[in-house]
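Colleague: Dropping a prediction and its sequence here:
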Amino acid sequence: MGHVDKRSISLSPELAAAVDGAVEAGEFNSASEVVRDALRQWKERRDLLGYTVEELRLLWEEGVASGHAKPGGAVMERLRVKYAALAGKIPDRG
């Protein structure tokens, strides 16, 4: 694995039991493997998705509060016309 940076962490009894259970069940060879796997998944989720659960809740609430959705086709056509005019082009309607 190369260089290893050792850390000491504290877990709630529930999390400690879950870690121990995963090792006892043979899912992992050690508690360190469980924690490394969990941290890799956390990092991947954070890096790829970029949103926390709380941020997603706030976005959802913002969307609900914004009112009913508008028909997508009509909105997109207005945007095509607007930006084509800004670019000095005739919009492509195909």
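Modeller: Received the coordinates, thanks.

Colleague: Check the most centrally placed residue in the chain and give its pLDDT.
Modeller: Central residue of the chain (C-alpha atoms, centre = their mean): residue 49, 2.9 Å from the mean position. For residue 49, the pLDDT comes out at 74.

Colleague: One more: residue 61?
Modeller: Per the predicted model, pLDDT is 94 at residue 61.

Colleague: Which helix or strand contains residue 63?
Modeller: Assigned by DSSP states H and E, residue 63 belongs to helix 53-65.

Colleague: what about the residue nearest to the centre of the chain, distance to residue 61?
Modeller: In this view, residue 49 and residue 61 are 18 Å apart by C-beta to C-beta, to the nearest Å. No exception for glycine: its C-beta is placed from N, CA and C like everyone else's.

Colleague: for the protein, what spans make up the helices?
Modeller: For the chain, helices defined by DSSP state H occupy the ranges 13-24, 31-49, 53-65, 72-87.

Colleague: quick one, the third one and helix 31-49 angle?
Modeller: Which is helix 53-65. 30 degrees (axes from the mean of the first three to the mean of the last three C-alpha atoms, to 10 degrees).
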